[in-house]
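**Q** Take a look and give me a structure for this.
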Amino acid sequence: MEHSEEQSELYLQEIDPSPLDELDLEAGDGSLISTDGPQRHHELPSRPKPGLSGHSWEYWLSAIQKYSTYPPTLFLGLHFTNTALIPLATRSVPESETFLLLTRPIYQAPGLEPLIVYLPILAHVTSGLVLRYLRQSRRARQFGAETREQRKAFRSTAKPPSVQAILGYAMVPLVGSHILVNRLVPLYVDGGSSGVGLGYVAHGIARSPWLMGIWYAALTGVGVWHFVGGWAWWFGWREVLVTKKAASGRLPGANGGYLGSEKGAELYQRKKRRRWIVNGVSLVGTALWLAGGLGVIGTGGLGMGWEAKGWDAVYSQVPLLGGLLAP
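**A** The predicted structure follows:
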């Protein structure tokens, strides 16, 4: 009896009392997150997990999802400089092309580009999808869903994805088409993407201004908003990036509303400031990229001579859209 009592005490943890507005089941290992003031995490008592580290699959998948964004962020900063800031400074496609050629060995090397772009993006998307499935399964078990029909019915009532997740899903076909047009099709036609540059992009936009312009604007806007929102998410600003439907499902409390409470008014102002910061940075970044991409590169016009013929040959092989991009 003494042994069992001592063993049970091993799993008792003392937790300081504090108001909890939300049980965040998206946090990973069932941690309680207080949304009043700075976030405080209180881990629920749990038995030691197997393995040397003692961490769950959700812990490692969350780490992969987070740290896989670092290399693409570095690439995005370099790409933003080459295709937005430098064209805005030079106001010329040929002059901007010179700077792009200087940095081409950094992010277009055969072994380096997959390492800092393709593999991290694949890891980020895959870990996010698996995490969502695991968390939905965990919530289903917590609410007593045991059969397949019960789990299926529970998934239909799950809270909707966050704004950040929706933007990420939208980026998949946009980034995929970008890789197709600028890497895969040139590799198929010319054996590589050495001829792909700012002039190549300008030539494609000149061939089909509306199609390429809308696609470029969508890729830029969704991409910038997702990256800025992602870093805001890692900084803990999650309440800015949830949908209204998801936000309405939070647990009520004395300070859960914004009216009739000084603390509630303070929370409202803090969330409002954070929303302005995230949206403001995203808007400025998108505006600069569109100004350099469509305002300068997009007005560069058609190429000349053999180079233009080579670009036409590449664009004509783009699946589904080759007829609109070819002369």
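
**Q** Every contact and neighbour count from this point should use C-alpha atoms.
**A** Noted.

**Q** Sketch out the strands for this protein, chain order is fine.
**A** Counting by DSSP state E, the chain has strands at residues 31-33, 41-43.

**Q** what is the rounded mean pLDDT of the last one?
**A** The reference is to strand 41-43. Mean per-residue pLDDT for strand 41-43: 41.

**Q** before we move on, what about the first one?
**A** Regarding strand 31-33, the rounded mean pLDDT is 33.

**Q** can you list the weak-confidence ranges in the protein?
**A** 1-54, 144-148, 150-158, 242-264 (pLDDT under 70).

**Q** and residue 266, how far is that from residue 273?
**A** 11 Å (Cα to Cα, to the nearest Å).

**Q** Next, count neighbours for residue 188.
**A** For residue 188, the tally of surrounding residues (other Cα atoms under 10 Å) stands at 12.

**Q** and what of residue 292?
**A** Neighbourhood size, residue 292 [other Cα under 10 Å]: 27.

**Q** quick one, what contacts it?
**A** By Cα atoms under 8 Å, 6 or more residues apart in numbering, residue 292 lies in contact with 83-88.

**Q** Nearest to residue 185 among those?
**A** residue 83 (20.7 Å; Cα to Cα).

**Q** wait, isn't the closest one in contact with residue 288?
**A** No - counting by Cα atoms under 8 Å, residue 83 does not reach residue 288; the two are 9.9 Å apart.

**Q** These two: who's more crowded?
**A** Shown here are residue 83 and residue 288; by other Cα under 10 Å, residue 83 has more neighbours (26 against 18).

**Q** And for stretch 294-314, what's in contact with it?
**A** Stretch 294-314 is touched from outside by 87-88, 91-93, 185-186, 189-190, 198-207, 213, 325-327, with contacts defined as Cα under 8 Å, 6+ apart.

**Q** among these, which ones are buried?
**A** Using 16 or more other Cα atoms under 10 Å as the burial test, the contacts of stretch 294-314 include 87-88, 91-93, 185-186, 189, 198-207, 213, 325-326 as buried.

**Q** Among those, which lie within helices?
**A** Members of the buried ones among the contacts of stretch 294-314 lying in helices (criterion: DSSP state H): 87-88, 93, 185-186, 189, 198-207, 213, 325.

**Q** Specify which member of the contacts of residue 292 is nearest to residue 318.
**A** Using Cα to Cα, residue 83 comes nearest to residue 318 of these, at 22.2 Å.
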